[in-house]
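Student: After the sequence you'll find the predicted model.
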Amino acid sequence: MIDKVMSAQQAVKKYIHNSNTVFIGGFGHAIPFAIAHEIVRQKKHSLHFVKTGADILFDLLVAGGCASRLSCGWYGNPGIGMSNIINRAVDSGKLVLNESTNFSMILRLHAGKLGVPFIPSPILANGDLANSVDGIKTMKCPFTEVQYQAHSALNPDVAIIHAQRSDMDGNVQLWGSVGDTIEGCEASQKIICSVEEICEKEEILLSPHLTKLPAHKVAAVIKQPFGAYPSYLHDYYQRDESYYAEHTVNTKDNLKSDEWLRSSVFDHDDFDSYLKSLPDKLLAKLAWSNS
Amino acid sequence: MIDKVMSAQQAVKKYIHNSNTVFIGGFGHAIPFAIAHEIVRQKKHSLHFVKTGADILFDLLVAGGCASRLSCGWYGNPGIGMSNIINRAVDSGKLVLNESTNFSMILRLHAGKLGVPFIPSPILANGDLANSVDGIKTMKCPFTEVQYQAHSALNPDVAIIHAQRSDMDGNVQLWGSVGDTIEGCEASQKIICSVEEICEKEEILLSPHLTKLPAHKVAAVIKQPFGAYPSYLHDYYQRDESYYAEHTVNTKDNLKSDEWLRSSVFDHDDFDSYLKSLPDKLLAKLAWSNS
Amino acid sequence: MNPNTESNYKNNGLEKTLITEEIISQARAAFMAAREIRDHQTLFVGIGLPCLVAHFSQSILSPSCHLVFESGLMEVSCETQPLSTASANIAKTAKMHGSMLDVFSMLQRGEIDVGLLSAAQIDIHGHLNSSRLTTKSGKTLSLPGSGGAHDITVLANKVIAVMPSDPRRFVNNVEFITSPNNPYGNREGVAGVAMPDAYFSFDTGRPILQKIYSDSDADALNESLNWDSQISDNLEIVNPPEGNLIEKAGIFLKNS
Amino acid sequence: MNPNTESNYKNNGLEKTLITEEIISQARAAFMAAREIRDHQTLFVGIGLPCLVAHFSQSILSPSCHLVFESGLMEVSCETQPLSTASANIAKTAKMHGSMLDVFSMLQRGEIDVGLLSAAQIDIHGHLNSSRLTTKSGKTLSLPGSGGAHDITVLANKVIAVMPSDPRRFVNNVEFITSPNNPYGNREGVAGVAMPDAYFSFDTGRPILQKIYSDSDADALNESLNWDSQISDNLEIVNPPEGNLIEKAGIFLKNS
């Protein structure tokens, strides 16, 4: 029996290496903030993050100096605006931004999941993105001779995700909005997963339809309640809307970004310490039952 | 509001037309026997069935004269042996059998689901099937020049499936072993679904993770308890093992096949009448809670 | 052009929603777009104004339409504005929790009747820009990017754009073509754009002012925008959304 | 060659399982194959003999192996023989109900360490036939076909075949190559075949008798089969499965 249960500190140290390509799980929901905090805290660098859109988690990783490259379909603060941090990092040459579209990112991860070299699609044949996007090539359908774009497979080294629960073997159960989480995880070589609860095998056997990740790929299981804060987790807690509302102001220049990073990551030994630093009763107020 | 709730008789009459390509849902589990009975009863013909493997349901449709063509990866009686009915139909020239592999069938349906013309894969490059299988063509990866087989998309006219429950709008919930059901249904133009129970929308909203088919594609919802008999339905009833054990003998020649077809289909106006003709207490014994 | 001032919609005491100019303006644009939706259609809904269009469609004009969001949420009841396509308020009203692959596949299969989109800019070719803008001072502003906008524009059977009435958003050529009006196969592409005063169609490949609210002036509107558009010979005059609809919009937008 | 007769395993009263020659024979073949499995490996399990191999691996030799069935069932506890890859007995012990696409994708990604297969015939090239056989009278018998066998053979990192001891099954050239021993990329292909007396490897591209039960005779065995095989210079002598294991097989196979 391999022991997969460990702390975020151990998991990041053991499985995330500089220069890795990293897939980020969650989409608006279940975003793996706790693991990302630890990546920043350990000052991992030169990472290539791939994802449709990872909400303000991108900001954390870029501000922390962990990302040298970002391949994505969207970056910013959902419903609020653009990312000051990413724009500054690109302007200063610290970050290479490969802009794509959400579906192309999904197709590339899905090709990775299927274990095929590419998937053909009519998207990105025209427009200004077509000329700049990574990983696509024009080809002809061997049956019809019609032209398509081949979207090449992405197989990240590691996926980081947060989910509701798992057993000790890494049978991970995730529900609610899943976005591109499953595609990205299956395409990756291994998966690091934080969960609200580690449960017994018997509980998994009662709900095998909720198990979304094959245990043999899950390298680490981290017990981390509120591990997706400030995003939400279906049936567990709500999104901290005021955190997002203030984020754009909190990161409007380097000075403010550094202060944000210090107070949320570097002042703390772990994510629990960060959670304790949050305003009184905030987490209790965010309980799903209050929604 | 379009009224999708109807009888199997109405659904088959309205949505299954001679010469259609028909996908069959279920895989070892949740096989749509009730709808297939109705297809046989209405003497639909010249149908092309596509599927990885559909258990002894193939036999029913072929014996009934409904199938002119079968594209599949496997045919027979699982764990027991080959299909007498299909072998006779092929020998007599009544049926064209396109033998493939399960994964090629899935890839072709999946290409249909994705809405792409094909998916590349290394399978079926060698061996005797490679020379005879439908729908594949050799091609080169535009990135690596490595040779793959393009597996062309299949988009059946209609899918027939059985599931646990649905609301009146066609939000279909299916769980347990799903096999290739979702790929095939999404690839199809429309879906005809029989269910054990028609439930309220509120029940669906409590378990949206169990909803597997998009309502806008579901054309007909048929309330048919035991609609997957003699196969099983997870959480509802067990497989009738003795039915399968006797099937090969029951179909060993034309005379016996005709008798089997008459007593199970043609002697009845509908599937409920057939169920009533089964031995006393058989269905009660098959209750899932007894398993 | 817009006589609906805040005072017209002072709260009636029961509803605590403050009706602002912004709400009125959004309600007018969304209502104009929602009138283009037919019942039973399947809509792929972008974030922002498209959500209000979906709300109006579903709750008033086309009650049996199917709403799909790019996160994978399907058969959604869109009752309050979501901030993202995966927000809890729509996840809780969804009858199916699918994946992004599932819904983009629906698009690619040609099962999405209408894609509802907003953008930073639209041009006379129907191309959309969600990538970058140049400010008056010449600085390039990087926007959050395509997300699913490019894919929706290419793959939906038909796209309806919904835009605020800012003239900088209606241009002859967008600075960056994020979402080209080059639809796949025989799909229709960008059929038109709704804004707070009017609806322009692209039936001829160029914008034609097709419908206008009765309280707006066609010539003045066409004049005010930065693009070459024509006024249809059959310009349709539409009654603007009234008190009840504006209230509805106010309630819908309250949480955003 | 096989001294384990039915009488050796007469029921002890507690277990009601009747131990037949057939059970002994299956247990011997399965045990020989299970010895090739390493702990923590992920196995793609075919129906028939492969299930008993999986059962022996999981319950005795490699307790942390992961079992995957083509129906999409994953992390299965294989405690009684399933008749199909989707049977309720394994669906109820599966910790994940995935789809066929999920598990064949695992294969194609190269995450299946060992594919466990049976077939109607195997030849000296390691090719497998599950499609047709010619009877002695010259009639062609149509078998149920590949199912996932072709795909597993091409895509698993390594394949172990498990066969009954019928000499008609071991041939120089199969009549029909359903599952060619032409693995994708740098995968290993058909590594060997286990049968009730022995294990042949294909390390050199041709069958070599590598392991044999202590109660079987290598020369006699090689003589009895219809194919050109060699006996390894390092032939390993293996103790055959004993009472407890045979009992286990009997219980496992009881429901089939």
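Tutor: The structure has been received and is ready for your questions.
Student: all helices of the stretch 1-150 of chain A, in order?
Tutor: A:8-15, A:33-41, A:57-63, A:84-91, A:102-114 (DSSP state H, counting those that start in this stretch).
Student: check contacts around residue A:155.
Tutor: A:112, A:187-189, D:109 (CB atoms under 8 Å, 6 or more residues apart in numbering or on different chains). Where you see a C-beta, it was placed from the backbone N, CA and C, and this is true even at glycine.
Student: and the residue in chain C that chain D sits nearest to, helix, strand or coil?
Tutor: Scanning chain C for proximity to chain D using CB to the nearest CB identifies residue C:101 as nearest, at 10.9 Å. Following DSSP: H, G, I helix; E, B strand; the rest coil, we place residue C:101 in the helix state.
Student: Phi and psi next, for residue C:85.
Tutor: Dihedral angles of residue C:85 (phi, psi; degrees, to the nearest 10) stand at phi -70, psi 0.
Student: Pretty sure it sits against residue C:71.
Tutor: Yes. Counting by CB atoms under 8 Å, residue C:85 does reach residue C:71; the two are 4.2 Å apart.
Student: Need the residues touching each of the two.
Tutor: Residues touching both residue C:85 and residue C:71 (CB under 8 Å, 6+ apart): A:27-28.
Student: give me every residue that touches the closest residue to residue A:110 other than its chain neighbours.
Tutor: The shortest distance from residue A:110 to any non-neighbouring residue, by CB to CB, 6 or more residues apart in numbering or on different chains, is to residue A:183 (5.0 Å). With contact set as CB under 8 Å, 6+ apart, residue A:183 has these partners: A:106, A:109-110, A:112-113, C:99-101.
Student: one more time with 7 Å, if that's ok
Tutor: By CB atoms under 7 Å, 6 or more residues apart in numbering or on different chains, the residues touching residue A:183 are A:106, A:109-110, A:113, C:101.
Student: Around chain D, which positions in chain A sit nearby?
Tutor: A:1-2, A:113-116, A:171, A:186, A:204-205, A:208-209, A:211, A:214-216 (CB under 7 Å from any CB of the partner chain).
Student: Would you check how far apart residue A:164 and residue A:224 are?
Tutor: For residue A:164, the distance to residue A:224 equals 12 Å [CB to CB, to the nearest Å].
Student: what do you get for residue A:217?
Tutor: 19 Å.
Student: Who has more neighbours out of these two?
Tutor: residue A:224 (25 against 21; other CB atoms under 10 Å in any protein chain shown).
Student: in terms of contact, does that one touch residue A:197 like I think?
Tutor: No. Applying CB atoms under 7 Å, one finds residue A:224 not in contact with residue A:197, separated by 10.0 Å.
Student: how many other residues sit next to residue A:37?
Tutor: Residue A:37 has 26 nearby residues by other CB under 10 Å.
Student: oh, I was asking about residue A:281
Tutor: Residues near residue A:281, counting by other CB under 10 Å, number 8.
Student: Now do the residue in the stretch 51-200 of chain A positioned nearest to chain D: how many residues are near it, please.
Tutor: Across the stretch 51-200 of chain A, the shortest distance to chain D (CB to the nearest CB) belongs to residue A:115, at 3.2 Å. Neighbour count for residue A:115, taken as other CB under 10 Å: 22.
Student: Could you do residue A:184 as well?
Tutor: When neighbours are counted by other CB under 10 Å, residue A:184 registers 32.
Student: ditto for the one 10 residues further on
Tutor: Applying the criterion other CB under 10 Å, we find 29 residues in the vicinity of residue A:194.
Student: where exactly do the strands run in chain A?
Tutor: A:21-24, A:47-51, A:67-72, A:96-99, A:118-121, A:136-140, A:147-152, A:158-166, A:172-173, A:190-198, A:211-213, A:218-223 (DSSP state E).
Student: export these to TSV and tack on distance to chain C and mean pLDDT?
Tutor: Below are the strands of chain A laid out as TSV (distance: least, CB to the nearest CB, whole Å; pLDDT from 0 to 100):
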stretch	distance to chain C	mean pLDDT
strand A:21-24	13	98
strand A:47-51	11	98
strand A:67-72	7	98
strand A:96-99	5	97
strand A:118-121	7	98
strand A:136-140	12	98
strand A:147-152	10	98
strand A:158-166	13	98
strand A:172-173	13	98
strand A:190-198	16	98
strand A:211-213	10	97
strand A:218-223	19	98
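Student: Buried deepest among the ones you listed, which one?
Tutor: strand A:158-166 (a mean of 28; mean count of other CB atoms under 10 Å in any protein chain shown).
Student: so what does that one touch, helix or strand wise?
Tutor: Secondary-structure packing of strand A:158-166 (3 or more CB pairs under 7 Å, 6 or more residues apart in numbering or on different chains; DSSP states H and E): strand A:21-24, helix A:33-41, strand A:172-173, helix A:181-187, strand A:190-198.
Student: ok, back up a step: wait, the residue of chain C closest to chain D sits on residue A:106?
Tutor: Yes. With contact defined as CB under 7 Å, residue C:101 counts as touching residue A:106 (5.5 Å).
Student: which one of the two has more residues nearby?
Tutor: Higher neighbour count among residue C:101 and residue A:106: residue A:106, with 31 against 22, using other CB under 10 Å.
Student: Just list the residues touching the more buried one, thanks.
Tutor: A:52, A:180, A:183, C:100-101, C:104.
Student: Can you give me the distance of it to residue B:243?
Tutor: 43 Å.
Student: about what we covered before: what's the residue of chain C closest to chain D in contact with, if anything?
Tutor: A:106, A:110, A:183.
Student: From the residues you listed, pick the one nearest chain B.
Tutor: Nearest to chain B among the contacts of residue C:101, with distances taken as CB to the nearest CB, is residue A:110, at 8.0 Å.
Student: Around chain C, pick out the residues from chain A.
Tutor: Close to chain C, as judged by CB under 7 Å from any CB, chain A has residues A:27-29, A:52-53, A:73-76, A:78-79, A:82, A:87, A:90, A:99, A:101-103, A:106, A:110, A:121-123, A:126-129, A:175-180, A:182-183, A:232, A:234, A:238-239, A:291.
Student: now with 6 Å?
Tutor: A:27-29, A:73-76, A:78-79, A:82, A:87, A:99, A:101-103, A:106, A:110, A:122-123, A:126-129, A:176-180, A:183, A:232 (CB under 6 Å from any CB of the partner chain).
Student: ok so, going back, which of the residues of chain A next to chain D sit farthest apart?
Tutor: A:1 and A:116 (33.5 Å; CB to CB).
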